[in-house]
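[1] compute the structure for the input listed below.
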Amino acid sequence: MPARNPARLFAITFGAQDPGRQADFWSAVLRRPVKPDDRGRQTLTVTTPGQPLIRFVHRPEPKMTPNRGHFDLTSESPTDQSETVARALSAGARHIDIGQGADADHTVLADAEDNEFCVIPAGNNFLAGTGTIGCFACDGTEEVGRFWSRALGWPLVWDQDEETAIQAPSGGTKISWGGGDVAPQTGYNRVHLDLAVANDADLADATAALKSLGATDWDGPVCDGAVGLADPDGTEFCLLVAP
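    Numbers count the residues shown, from 1 in each chain. Coordinates of the predicted model:
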């Protein structure tokens, strides 16, 4: 029987060369306030239930390869989609081509430090009712989707053709994995999940529980004071004591 896992999803964290600039960018796009701390980290506070906390921590390396995860932002109407794109471009985003084709109805952008994200048109059934950040869409195998379902205690809400997705029982933002082969990771994955426990006493139990599900130690850079782990696809994540 797997060990008890007291961890929960705490945040989606961006490694940023300029955390303040990145926080200001995403604050403008998502219309959420910025809360800095005394260690130079920036947080976008949660203003709508079911939306993730977003953190920005300093990492000196420039972005070198595509991230394994990106935001899919929802739209309530064609006008809403256009306004989201306009806010992003005004804040410093740019259009990028990742092979979506000229007839794609979603808009693909890169943020102020070249992290990819999409603005999805209205009427997407998969993202219905999820909130502004409809999905944290990831490259990942079917196995890793099942790992995260067990790790977070979130049910699979999509499981078809090797694609998986999970969502908290209370609803809100989904996390999805595209299935198939995953390109080898080179360097630091600039957008990753942070899990948290309530106190230091729970840290060892949560680490053991996650390893019993298939997580491994991560030797690369992690958030300050956190345990560095990797999921079965080798994608890093942090386990920390919640501030």
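[2] tell me where the chain has helices.
    19-30, 78-91, 142-152, 200-213 (DSSP state H).
[3] now for those helices, which one comes closest to Val57?
    With C-beta to C-beta, the closest approach to Val57 among those belongs to helix 19-30: 6.2 Å. C-beta: built from backbone N, CA, C; applies to glycine.
[4] Cys138 reaches Asp72, doesn't it?
    No. Counting by C-beta atoms under 8 Å, Cys138 sits too far from Asp72 to count as a contact (10.7 Å).
[5] in terms of packing, which of those two has more residues around it?
    Taking other C-beta atoms under 10 Å, Cys138 and Asp72 do not tie; Cys138 has more neighbours (26 against 21).
[6] what's in contact with the helix or strand bottoming out on mean pLDDT in the chain?
    Using mean pLDDT, DSSP states H and E, the weakest-scoring helix or strand in the chain turns out to be strand 34-36, at a mean of 89. Residues external to strand 34-36 that are found in contact with it (C-beta atoms under 8 Å, 6 or more residues apart in numbering): 20, 23-24, 27, 42-45.
[7] drop anything exposed from these.
    With neighbours counted by 16 or more other C-beta atoms under 10 Å, those contain buried members at 23-24, 27, 42-44.
[8] which pair in these spans the largest distance?
    Asp24 and Thr43 (12.5 Å).
[9] look up how far Ser212 lies from the closest residue to Leu30 other than its chain neighbours.
    In this structure, Leu30 finds its nearest non-sequential neighbour in Thr132, 6.0 Å apart by C-beta to C-beta, 6 or more residues apart in numbering. The gap separating Thr132 from Ser212 is 35 Å, by C-beta to C-beta, to the nearest Å.
[10] same deal with His192?
    Counting by C-beta to C-beta, the gap from His192 to Ser212 is 21 Å.
[11] more neighbours, these two?
    Per other C-beta under 10 Å, whichever of His192 and Ser212 has more neighbours is His192, with 24 against 14.
[12] any weak-confidence spans in the protein?
    Scanning the chain for pLDDT under 70 picks out the ranges 1-3, 38-40, 100-102, 221-224.
[13] try it again with 80
    For the chain, applying pLDDT under 80 flags the ranges 1-5, 37-40, 98-104, 185-188, 220-225, 243.
[14] hang on, the earlier thing: dump the helices of the chain to CSV, plus distance to Cys238.
    What follows is those, written out as CSV (distance: least, C-beta to C-beta, whole Å):
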stretch, distance to Cys238
helix 19-30, 15
helix 78-91, 26
helix 142-152, 13
helix 200-213, 11
